[in-house]
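S.K.: Sequence and computational prediction follow.
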Amino acid sequence: QVQLVESGGGLVQPGGSLKLSCKASGFSFRTKAMSWYRQPPGKERYLVAVIDSRGAPVNYVDFVKGRFTISRDDVENMVYLQMNNLKPEDTGVYYCNPRNGADYYSSSSPYWGQGTQVTVAS
């Protein structure tokens, strides 16, 4: 079955950095685009970044462009989210999600991990 294990979250001061990791298994990883979602406290989950199955193109929500970088390792079945210059509004639980297709514009799949908490506070 599909398994997604996110890690790398934590408490960081504004301006700091974190790198999130997601280990995927149970599906053909290299044939799927992958994405990261954020769920702020008390709010719905929304898409933050997506990467095509081929590694490019990638796409980001406007308010993380220039600060976040999504990448993937098809040997290790991992997807990463490097987050720099973090802001308090970046706080939330972050989830990875395989897309339904190979292309970055594919729809989200129904598979989710437990998420990893990111808290940006001084």
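M.R.: Yep, it's here.

S.K.: Low-confidence stretches in the protein?
M.R.: Within the chain, no range satisfies pLDDT under 70.

S.K.: Which stretches in it count as strands?
M.R.: Counting by DSSP state E, the chain has strands at residues 3-7, 10-12, 18-25, 34-39, 46-51, 58-60, 68-73, 78-83, 92-98, 116-120.

S.K.: just checking, Trp112 touches Val93?
M.R.: No - using CB atoms under 8 Å, Trp112 is not in contact with Val93, being 10.4 Å away. (C-beta placed from N, C-alpha, C; glycine too.)

S.K.: one step back: between the strands of the chain, which gets nearest to Ser108?
M.R.: Minimum separation from Ser108 across those (CB to CB) falls at strand 92-98, 5.3 Å.

S.K.: okay, that closest one in CSV with CA atoms only?
M.R.: What follows is strand 92-98 as a C-alpha-only set of coordinates in CSV (Å, rounded to 0.1, in the frame of the first residue of the first chain):
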residue,chain,number,x,y,z
GLY,A,92,1.7,24.6,9.8
VAL,A,93,1.7,20.8,9.2
TYR,A,94,3.4,19.9,5.9
TYR,A,95,2.3,16.9,3.9
CYS,A,96,3.7,15.3,0.8
ASN,A,97,1.3,14.0,-1.8
PRO,A,98,1.8,12.0,-4.9
